[in-house]
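# pasting the sequence and the predicted model now:
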Amino acid sequence: MPFAGGWCKVWIYFGFVFAWAKGARPRFDTSADMGLVLVPADAEVDSVIFRLRATDQDADFPLVFEITATITPVVRIDNLPCTLYNKVCQANVILTKRLVAGRLHDFAVRVRDTKGDSNSMQATISVTNATTPRDKIFPHIPSLIMVPEQPKELFTIRQRQTPTQTRGIIVLTGELDFETQSMYTLTMYATDPYSEQGKDTRNIAGLSVIVIVRDVQDVPPIFTLAPPLTKINNSVQPGDIILRVHAEDGDKGVPREIVYGLVSEGNPFTPFFNISETNGEKTDLQLVRRLGKSKFQMSIWSLGEISLARPLEELTQITHVGAPVVLTVVAEEIRRSREEPPAQATVVDVGFLLGEPGNSPPYFESDNYVATIDENPEPGTVINFGEQYSTRVKDEDIGKAGVFALKLEGNNNTFEISPTVAERAADFIVSVRDNAFIDYERHKVLSFKIVAQEVGPATNLSASVPATVFIRDVNDNPPIFDEESYEVTLSENVTAGSRVIQVHATDKDTGVYGSIRYTGIIGEGSEAFTMDPHTGFITVSMGSSLDREVAATLVLTVEARDENGNGNSGVVPFIVNLIDVNDNAPMFEKDVYEFMLNSDLTNFTSPALVKAIDNDAEPPNNVVRYELIHGNYENKFYLNETSGELTLLSPVTKIRRKKQSSSNAGNSTKEMTKRWRRADDSDALYTLTARAYDLGVPHLSSVARIRILSGAAMEARIMMFVVPGEQPDSTKTAETLAAITGGRVTVLETRPYVQQNHTGSTGILPAGVKKLVI
C-alpha cells in the first residue's frame with residue numbers, strides 16, 4: 001500500500017505519545033506467537049492446543065486474555081492464576097469444536113491489564129491432516145494408576161531434564177483417603193514439545209491420567225444403629241429380643257464382616273443379656289484383648305440382637321427401678337488371612353430402663369374415637385363422640401403407679417383435653433381450643449391421638465388411641481367476585497336490551513351454601529340496568545335514562561348472595577363510563593334580541609351579542625356556531641359565527657328602512673312566519689333571524705329573532721338608571737321605571753354599576769349595596 005510507511009510512522013509516534021502519557025501496554029511473549037498454529041484434525045474437543053504468555057512492564061497484574069474479532073470461535077481462553085510474583089501471565093487456548101482438515105480459522109487474541117491497557121495479536125489456526133503422536137509426546141505413560149491410600153502425600157509434578165529428554169514425575173504431597181475421595185483425574189501439560197519445522201506448531205500438549213485410590217483396612221467399624229436408651233417392659237421374658245444394633249466396616253472398598261459382643265469386664269449386667277445374629281445362631285468366643293473378657297458371637301450378618309438371658313426379677317435384685325442398666329457393645333472386624341491387617345473394633349454404650357414391678361399401662365375402653373362438628377366452632381365447644389364410644393380411661397395399678405396424664409398428640413393445638421391428670425379412672429372431655437384449622441374448605445377431617453401416660457418417677461408406661469373429627473360444612477364464606485371491580489364504557493343512547501358485561505363470583509362453601517345468585521345492582525342510576533340472577537349478565541333495561549349531561553360516570557355496586565340468593569352477600573364496584581352523543585340542540589338565552597342604532601344609524605349604541613348554550617357534555621357536540629338565515633338584505637349585518645356578535649357593515653338609510661321591514665320580507669318556514677306575525681315590529685328597522693347550530697353529528701340548531709331599533713323608535717332619549725340588586729326582573733324593573741318616568745320604558749341592557757364610570761351621586765342608595773346600571 002502506498003500509505004503504509006506513513007501510517008506506520010503515525011502509529012509509532014502515537015504509540016510513543018500514548019505510552020509516555022499512559023504507561024506501557026501489556027506485551028505478548030515472543031515464544032507464544034499464534035500467527036500460524038498448525039493443529040492436526042484429530043485434536044480432541046476441550047483439549048489445550050496452545051499456551052499464551054504475556055507480561056506488563058508496569059506490573060498491572062493479573063493480565064486477562066480474551067478472544068476477539070471472530071463470529072464463530074473454535075477456541076476459548078482459560079486464564080491461569082497470575083500475581084506480581086509470576087512476572088509472566090499465562091492462559092490456555094482450549095479447543096471447543098471438532099476441526100476439519102484443510103480449514104483456516106482466523107481470530108484475534110487480546111491481553112488486558114488491570115488499568116485497561118491492552119494489546120492484540122492476530123491468530124490463525126491451520127487444520128492439518130496429521131495426527132497427534134501422543135505415544136511420542138508422553139511415551140510409556142498408563143492412563144490408569146492404582147495407588148493405595150496409605151501414602152501420606154498428594155500429587156505434584158517434578159521435572160527432570162537430560163540432554164536427550166525431559167521427564168515429569170508425579171509425586172504425592174498429602175494423605176490419600178479412600179473414604180473421602182476414591183478417584184483423581186490429573187491433567188498434565190507439556191509446553192514447547194514440538195521443534196520440527198513445518199509440522200505441528202502447538203506449544204503445549206496435555207494428557208489426562210486417572211488415579212484410583214485403593215482401599216486398605218484403616219477405618220474401624222461404625223455403628224449405624226445403636227439407640228442410646230431403651231425401655232424394658234415388665235413383661236419381658238428370657239429369650240425376648242429387646243434391642244437391635246447394626247455396625248458396618250468403615251472401609252468401603254473391601255469391607256470386612258462384623259462380629260458383635262458384650263464387654264463383660266467390670267460390668268455386672270452383662271450375664272443377664274445375650275447378643276446374637278439375626279438367624280439365631282450362637283457361637284460364643286472368649287476374646288482376651290485390650291477390651292478384657294467379652295462375650296462374642298460370630299455372624300455373617302451385620303445385625304446384632306440383644307436379648308434377655310435371665311429372668312427380669314434377678315436383674316431387679318442388683319439394681320432398682322429408674323436406674324439405667326448400661327451395656328457396652330463391641331463390633332469387631334473378622335480377619336480371614338494372616339496377610340490381612342489386624343482387625344479393628346468399635347464399642348458403644350446402650351442403656352435400658354426398667355419399669356416398676358407389677359405395673360401395667362393405662363388403657364381406654366374404646367379403641368378409637370370418631371365425631372363430627374360444624375366448621376368454625378366457638379373455642380370451648382365440646383366434641384361429642386356419641387353413645388357408641390366410651391370416654392373412660394383406666395389404670396389398674398394402685399398408688400403412684402395408677403396416676404396418669406392425658407394429652408393430645410398431632411392436633412396443632414386445635415383441641416384440648418380435660419382432665420389432664422387422673423388417678424386410676426377418669427372420663428375425659430375433648431373441646432375446641434383454636435378453631436383456625438377447623439375449616440371445611442381447608443380440612444375435611446382432622447386426626448390426632450389421645451395419649452394416657454403414667455407420671456410415676458420410675459415408670460413411663462402409656463397407651464394411645466386414634467381420634468378422628470369430621471368437619472361439617474356451614475355457610476361461613478361470602479361470594480367473592482373474580483375481579484376487584486368491573487368497568488365498562490357505554491354510549492348514552494345505547495339500545496335497550498344491549499348486553500353490557502358479565503360478572504362472576506365464586507364461593508368456597510359447598511352444596512347449597514356455595515350456590516350463588518346475582519341479586520341486584522345498587523346505586524343512583526341502577527334502574528338503567530338489569531342483571532340475570534343465574535348468569536350474571538348485565539343488560540340495558542327498557543326505558544333506560546342514561547344521560548351523559550347528568551352524570552359522566554355511574555358508580556354502582558353489584559351484589560351476589562350464596563345459598564340460592566338467601567345467604568351471605570358479596571359486592572363489587574360496577575363503574576359505567578358514558579360517552580356523549582349529540583342529543584341537545586343549542587338554545588338561545590332569549591327568543592327576541594333588540595339592539596339600538598345610534599342617531600345617525602351608523603353603529604349600535606352598545607355591543608350587540610347573541611348567545612346560545614348547548615347542554616351536551618363534550619366537544620364537538622357542545623361547540624356552538626352562529627349565522628343569519630333571514631332578513632339580512634344587502635348584507636348590511638354580519639354575525640360572528642363564534643362569538644355571536646352582530647355588527648353593522650354599512651349605515652342604514654331612511655329610504656331603506658321601510659323596504660327592509662319584516663312585513664315585506666319573505667318567510668322560510670311557517671313557524672318563523674307565525675312568530676313574526678305575532679311580533680310587534682312597528683318600531684323595528686330590521687328584523688333578522690339568527691340560527692345557532694352545534695358541530696355534532698347530526699347538526700342540531702335553534703333560531704332567535706333580532707330586532708334592530710332606532711333612537712326615534714324609543715320615542716325619547718336613552719336614559720340610565722342605577723338600581724340596587726344583582727339580577728332584577730326586567731319586566732318588573734320596566735314597570736317601576738315607567739311609573740317613575742310616566743312614559744313607556746324598554747330595558748335595553750343591564751350591567752353592573754362601576755363608581756368611577758359615572759359622575760355624580762348615587763342618591764339615597766347606601767354604600768356597600770350592590771348596584772346595577774339599567
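Yes, it's here. Numbers count the residues shown, from 1 in each chain.
# where does pLDDT dip in the stretch 101-250 of the chain?
135-136, 139-140, 143, 146-166, 174, 178-179, 182, 192-200, 214-215, 217 (pLDDT under 70).
# low-confidence ranges in the stretch 601-750 of the chain?
In the stretch 601-750 of the chain (pLDDT under 70), the answer is 617, 654-683, 711-718, 742-743.
# what about the strands in it?
For the stretch 601-750 of the chain, the strands defined by DSSP state E, counting those that start in this stretch cover 608-609, 612-613, 624-630, 637-639, 645-648, 684-694, 701-709, 722-724.
# tell me the most buried of the ones you listed?
Mean neighbours per residue, mean count of other C-beta atoms under 10 Å, is largest over the strands of the stretch 601-750 of the chain for strand 684-694, with a mean of 23. (Each C-beta comes from the backbone N, C-alpha and C, glycine too.)
# list the helices and strands that one packs on?
strand 587-588, strand 624-630, strand 637-639, strand 701-709 (3 or more C-beta pairs under 8 Å, 6 or more residues apart in numbering; DSSP states H and E).
# apply 6 Å and report the result again.
strand 624-630, strand 701-709 (3 or more C-beta pairs under 6 Å, 6 or more residues apart in numbering; DSSP states H and E).
# out of the ones you listed, which gets nearest to Leu578?
Closest to Leu578 of the helices and strands packed on strand 684-694 is strand 624-630 (C-beta to C-beta; 21.7 Å).
# note down every partner strand of the closest one and its orientation.
Strand pairing for strand 624-630, determined by DSSP bridges: strand 684-694 (antiparallel).
# how far away from the center of its chain is the partner strand?
Computed by C-alpha atoms, centre = their mean, to the nearest Å, the chain-centroid distance of strand 684-694 equals 68 Å.
# kindly report the same for stretch 244-262.
52 Å.
# how about it as CSV, C-alpha atoms only?
The C-alpha trace of stretch 244-262 is given here as CSV (Å, rounded to 0.1, in the frame of the first residue of the first chain):
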residue,chain,number,x,y,z
ARG,A,244,-31.1,-54.5,67.8
VAL,A,245,-27.8,-52.8,66.8
HIS,A,246,-26.1,-52.5,63.5
ALA,A,247,-22.5,-51.7,62.5
GLU,A,248,-20.5,-51.9,59.3
ASP,A,249,-16.9,-51.7,58.3
GLY,A,250,-15.7,-48.2,57.8
ASP,A,251,-13.5,-49.3,54.9
LYS,A,252,-15.9,-49.1,51.9
GLY,A,253,-13.6,-50.6,49.3
VAL,A,254,-13.3,-54.1,50.6
PRO,A,255,-15.4,-54.2,53.8
ARG,A,256,-15.0,-57.0,56.3
GLU,A,257,-17.6,-58.9,58.1
ILE,A,258,-18.6,-57.8,61.6
VAL,A,259,-18.9,-59.8,64.8
TYR,A,260,-20.7,-58.4,67.9
GLY,A,261,-20.0,-58.9,71.6
LEU,A,262,-20.8,-57.6,75.0
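# looking at the strands of the stretch 601-750 of the chain, which is nearest to Val263?
Of all these, strand 684-694 comes closest under C-beta to C-beta, at 112.2 Å.
# quick one, that closest one and strand 701-709 angle?
Orientation of strand 684-694 against strand 701-709 (axes from the mean of the first three to the mean of the last three C-alpha atoms, to 10 degrees) gives an angle of 160 degrees.
# what are the C-alpha coordinates of strand 684-694, in CSV please?
The C-alpha trace of strand 684-694 is given here as CSV (Å, rounded to 0.1, in the frame of the first residue of the first chain):
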residue,chain,number,x,y,z
ALA,A,684,-88.1,47.9,14.1
LEU,A,685,-85.8,49.0,11.3
TYR,A,686,-84.9,45.4,10.6
THR,A,687,-86.0,42.0,11.9
LEU,A,688,-83.3,39.3,11.5
THR,A,689,-83.4,35.6,12.1
ALA,A,690,-80.3,34.1,13.7
ARG,A,691,-79.6,30.4,13.9
ALA,A,692,-77.3,28.7,16.4
TYR,A,693,-76.1,25.2,15.5
ASP,A,694,-73.6,22.7,17.0
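# correct me, but Val488 touches Ile501?
Yes - the pair Val488 / Ile501 is scored as a contact, 5.2 Å apart, by C-beta atoms under 6 Å.
# which of those two has more neighbours?
Each of Val488 and Ile501 has its neighbours counted (other C-beta atoms under 10 Å); Ile501 has more, 18 against 13.
# what residues are up against that one?
Contact criterion C-beta atoms under 6 Å, 6 or more residues apart in numbering gives Tyr486, Val488, Ile538 as the residues in contact with Ile501.
# would you turn the strands of the stretch 601-750 of the chain into JSON lines with distance to Tyr260?
Formatted as JSON lines, the strands of the stretch 601-750 of the chain follow (distance: least, C-beta to C-beta, whole Å):
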{"stretch": "strand 608-609", "distance to Tyr260": "119"}
{"stretch": "strand 612-613", "distance to Tyr260": "109"}
{"stretch": "strand 624-630", "distance to Tyr260": "110"}
{"stretch": "strand 637-639", "distance to Tyr260": "122"}
{"stretch": "strand 645-648", "distance to Tyr260": "120"}
{"stretch": "strand 684-694", "distance to Tyr260": "107"}
{"stretch": "strand 701-709", "distance to Tyr260": "114"}
{"stretch": "strand 722-724", "distance to Tyr260": "123"}
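# closest to Thr191 out of these?
strand 684-694 (92.6 Å).
# so which helix or strand takes in Arg51?
Assessed by DSSP states H and E, Arg51 sits inside strand 48-55.
# buried residues in that strand, which are they?
Buried residues in strand 48-55, counted by 16 or more other C-beta atoms under 10 Å: Val48, Ile49, Phe50, Arg51, Leu52, Arg53, Ala54, Thr55.
# and which of the residues you listed is nearest to Ser447?
Ranked by distance to Ser447 (C-beta to C-beta), these are led by Val48 at 63.7 Å.
# how close does the closest one sit to Ala32?
13 Å (C-beta to C-beta, to the nearest Å).
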